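Enquirer: Quick check, what structure comes out for this input:
(2 chains)
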Amino acid sequence: MNDENAHLTELYQATILEHNKNPRHYGILPDHTEVVEGFNPLCGDKITFYLKRTDGKLKGASFECAACAICKASASILLDEAFNKGFQNYKATHARGLAFLEGAEAGVSPELALSALGAVRAFPARVNCARLAWDTLKPN
Amino acid sequence: MEHTKFDPNRIRADFPILHREVGGRPLIYLDNAATAQKPKEVIDAINQYYAYENANIHRGVHYLSEQLTEDYEQVRAHVAKFLGSEDPAEVVFTRGATESINLVAEGFAKSILKDGDEILITQMEHHANIVPWQMAAEQTGAKLKILPVLPDGSLDMEALPDFLTERTRILAFVHTSNTLGTINPAKEMIAMAHAKNIPVLLDGAQLVPHAPVDLIDLDCDFFVFSGHKLFGPTGIGVLWGKREWLERLPPYQGGGDMIEVVDFEGTTFKEPPGKFEAGTPHIAGVIGLGAAIDYLETMDRAGALVHEQNLLEAATAALEAVPDLSIFGTATQKASVLSFLIEGMHPHDIGTFLNADGIAIRTGHHCTQPLLKAFGHAATARASFAFYNTIEEVEHLGIALHKMRRFFG
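Expert: Predicted coordinates for the structure are as follows:
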C-alpha cells in the first residue's frame, strides 16, 4: 500500500478485509432456536444472529448481514471469539470487546482479531458500524 | 454535451468553504442534495443582521424593529416572486420542508380527513413526505395509498388514474427525487388530480436548487422547500399555499404573533400567513434566505442548469466505466443526483474511501427507506452536484472509484 492510503489501511486492516471477504459463522444456523435482529437506522445496516440455546445456555451462533465491511468483520470477529471460548462466559467476551470499541480499554492483545477493530475509534462516524454486532448480540 | 458559457470557477470564488482542505486534500463537495454550501453573500447578510440590525419584528415602534419588519416582509414578497407567484400572503415561513409538510398534514388531519378517506403519496417519497401523512392517517382513520415506482426509477404514470379515487383527499409527491434524481411530470400529475378535484402538495426541496419554479404554471395547491438546500441557512423553509387553502386550514402552533385578540374566553387568529407563524420567527434565517435568492438571481440560472446536466452526463459516463457499478435511477428526466451501488462493496465503505480523497458523498438510505426496500437495497452511495461543481471534480470521483476497486481487490 502506498502512503496516501495510510489511514485507510489503518481502518481497513488486512484482518478486517479478510473477515469481510470470508466472514466466519456466516449464514443461517440450521438448528437455531432463536433469531436476534439489529438495525442501524442511521445507515440502514441490518444484522441477524441465529442462536442455538440448550437449557438456556448459548451453544452455537451464526449471522447474516446487509452491512459494510466494518460491521460484517466485527460480527465475524465477535462470533469467532465466542466460538474460540466455546461460548464460555460470553458476557466477559462481549464486555471486553465493547470496552475496547468504546475506548474504555486502551488495547487488547495484538494477536486477537479484535485488535484490528481498534482503528475504528478514530473514525467517529464508523464506530456504530463496529458496535452493531455488540449492541445486537447482548449477553442475557 | 451542450455548450454553456457558465463558468463554475467564477462561481466557486463566492463560496468560502469550497477553498478549504479535508485531510490535506482539496474538498470535493458532492453532497449537495443533503445540503448546499453558502455563498459569502448569505454569510455576510446573517452577520450584518446580528451585528447591526437585530431587533424583534411585527411589534416594535422603534427604528430597528420597524426596519427589520420591513426587511423580513420584503423577503416574503421576494420568495413569492421567486416561486412565480404574486401574493406574499401565500408564503409561510417554517423551519424547513419537513415542517411545511407537517403543517399541511396536521391541518388536513384536524379539518379535512375522515375515516376511509385516502391520502396518495408515491413510493419514492422522502420520509418527510411519508411520516406526517402516516400520522395524519392514524389520527383520522384515513388510508395511505402508494403510487409505485417503475424499475427505471420513474413513477408508474399509467397506474395514477386508478389511484386518484373519489376518496382521495390529497396527492402529495416529490418533484425531484433526492435518491433517484428522477424529475417527475409534476404539471401533468397535478392536472390529473385537479380533474378529480384533488388538491396537490408538491415537495420542491430538490427542485429549487436546480431550476426556476413557476407555481402559477404548475398550479399545485401547496409547495414546500428548505432554505439550506437553496444555498441559504438551515432552520428556515417555506410553505407556499394557495390563499383559499391557507384560509381553510386551521392554525398550526399557538402563541404570540399569530393572534389578533387573546382572551381567556377565546382567541381570534391572524389571516394567513400570520396564523401559521407563532412566536418570534427565525429572523436570521429569513434574512439569509433572502440573500440566497438575491444571489441566485444574479446568476445565469439557465446556464447553471446546462452545466449541471453536463456534470450529470459526465458523472454517469465516469461511473459506468467502473467495474461492477450500477446506477440506481435511470429515468430519462433526471436532476444532477446520482445514486450508485458497487457489487460486493457496501456504500459506507465507498463513502469512507472517497472521504480519504477529500470527496464528500452521501451513503445510506437517504431518508427513503421504503423506496430502497422495494428495490432490495439497504443503502446506496450518492453523489449530488451543484452548479459550483466542476468536470475536474467528476474526473476525480471516477479516478478515486477505480483506485478503491483496486484497494478492496
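Enquirer: so which residue of chain A comes closest to chain B?
Expert: Residue nearest to chain B within chain A: A:C68 (3.7 Å; CB to the nearest CB). In this view, the C-beta of every residue, glycine as well, is placed from N, C-alpha and C.
Enquirer: Got the phi and psi for that residue?
Expert: Note on A:C68: its backbone torsions stand at phi -80, psi 170 [degrees, to the nearest 10].
Enquirer: neighbours around it, how many?
Expert: Neighbours of A:C68 under the rule other CB atoms under 10 Å in any protein chain shown: 28.
Enquirer: same deal with B:Q333?
Expert: B:Q333 has 11 neighbours, counted by other CB under 10 Å.
Enquirer: now check the helix or strand of chain A with the lowest mean pLDDT, is it near chain B?
Expert: Of all helical and strand segments in chain A, the minimum by mean pLDDT, DSSP states H and E falls on helix A:6-11, at a mean of 79. Yes. Using CB under 8 Å from any CB of the partner chain, helix A:6-11 reaches chain B at A:H7, A:L8, A:L11.
Enquirer: Name whatever forms a beta bridge with A:T54.
Expert: On the basis of DSSP bridges, A:T54 is bridged to A:K57.
Enquirer: How many residues are close by it?
Expert: Neighbour count of A:T54, defined by other CB under 10 Å: 9.
Enquirer: Which parts of the chain are helices?
Expert: I went with chain A, as the question did not name one. Along chain A, counting by DSSP state H, helices occupy A:6-11, A:14-21, A:69-84, A:90-102, A:124-136.
Enquirer: could you do chain B instead?
Expert: For chain B, applying DSSP H gives helices covering B:8-12, B:40-48, B:63-82, B:97-111, B:131-140, B:160-163, B:186-194, B:215-218, B:243-248, B:283-298, B:301-320, B:347-355, B:369-374, B:391-408.
Enquirer: Can you say which of the ones you listed is packed in most?
Expert: Counting by mean count of other CB atoms under 10 Å in any protein chain shown, helix B:347-355 has the highest mean neighbour count of these, with a mean of 24.
Enquirer: Who are the contact partners of the residue in the stretch 151-300 of chain B that chain A sits nearest to?
Expert: Closest to chain A within the stretch 151-300 of chain B is B:T179: 11.8 Å, counting by CB to the nearest CB. Taking CB atoms under 8 Å, 6 or more residues apart in numbering or on different chains, we find B:T179 in contact with B:M124, B:F328, B:G329, B:V337, B:S339, B:H366, B:T368, B:L371, B:L372, B:T380, B:R382.
Enquirer: hmm, 10 Å instead?
Expert: By CB atoms under 10 Å, 6 or more residues apart in numbering or on different chains, the contact set of B:T179 is B:33, B:124-126, B:153, B:206, B:328-329, B:337, B:339, B:362, B:365-368, B:371-372, B:375, B:377, B:380, B:382, B:384.
Enquirer: Within reach of chain A, which of these are there?
Expert: B:H365, B:H366, B:L372, B:H377, B:T380 (CB under 10 Å from any CB of the partner chain).
Enquirer: Could you find the closest non-adjacent residue to B:P185?
Expert: Closest residue to B:P185 apart from its sequence neighbours, by CB to CB, 6 or more residues apart in numbering or on different chains: B:M157 at 6.8 Å.
Enquirer: gap between that neighbour and B:F222?
Expert: Look at B:M157 and B:F222: by CB to CB, to the nearest Å, they are 21 Å apart.
Enquirer: Could you list the residues of chain A in contact with chain B?
Expert: Proximity of chain A to chain B is confined to A:1, A:4-9, A:11-12, A:16-17, A:20-21, A:39-46, A:65-72, A:123, A:125-126, A:129 under the rule CB under 10 Å from any CB.
Enquirer: Filter these down to the buried ones and express that as a PyMOL selection.
Expert: Applying 16 or more other CB atoms under 10 Å in any protein chain shown to these leaves a buried subset, and the PyMOL line that selects it is:
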select buried, chain A and resi 5+7+8+9+11+12+16+17+20+39+40+43+44+45+46+65+66+67+68+69+70+71+72+123+126+129
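Enquirer: ok, now which ones touch B:I293?
Expert: With CB under 10 Å, 6+ apart, B:I293 has these contacts: B:V42, B:V75, B:H78, B:V79, B:K81, B:F82, B:L83, B:V208, B:G227, B:L230, B:F231, B:G232.
Enquirer: The helices of chain A into TSV, with extra columns for distance to B:R20?
Expert: Listed next are the helices of chain A as TSV, based on distance: least, CB to CB, whole Å:
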stretch	distance to B:R20
helix A:6-11	19
helix A:14-21	30
helix A:69-84	27
helix A:90-102	31
helix A:124-136	19
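Enquirer: tell me the most buried of those helices?
Expert: Sort the helices of chain A by mean neighbour count, taking mean count of other CB under 10 Å, and helix A:69-84 sits at the top with a mean of 24.
Enquirer: list the helices and strands that helix packs on?
Expert: helix A:14-21, strand A:34-40, strand A:45-54, strand A:57-66, helix A:90-102, helix A:124-136, helix B:347-355 (3 or more CB pairs under 10 Å, 6 or more residues apart in numbering or on different chains; DSSP states H and E).
Enquirer: quick revisit: kindly reformat the residues of helix A:6-11 next to chain B as CSV containing distance to B:G107.
Expert: Below are the residues of helix A:6-11 next to chain B laid out as CSV (distance: CB to CB, whole Å):
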residue, distance to B:G107
A:H7, 50
A:L8, 50
A:L11, 48
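Enquirer: Pull the number of nearby residues for the closest residue to A:D80 other than its chain neighbours.
Expert: Residue nearest to A:D80 in three dimensions, not counting chain neighbours: A:R24, with 4.8 Å by CB to CB, 6+ apart. A count of neighbours around A:R24, defined by other CB under 10 Å, yields 17.
Enquirer: repeat for B:F264
Expert: Counted with other CB under 10 Å, the neighbours of B:F264 add up to 5.
Enquirer: next one: phi and psi at it?
Expert: Dihedral pair for B:F264: phi -60, psi -20, per degrees, to the nearest 10.
Enquirer: got a list of what B:A172 touches?
Expert: By CB under 10 Å, 6+ apart, the contact set of B:A172 is B:101, B:104-105, B:108, B:119-122, B:125, B:129-130, B:132-133, B:144, B:199-203, B:220, B:222, B:224.
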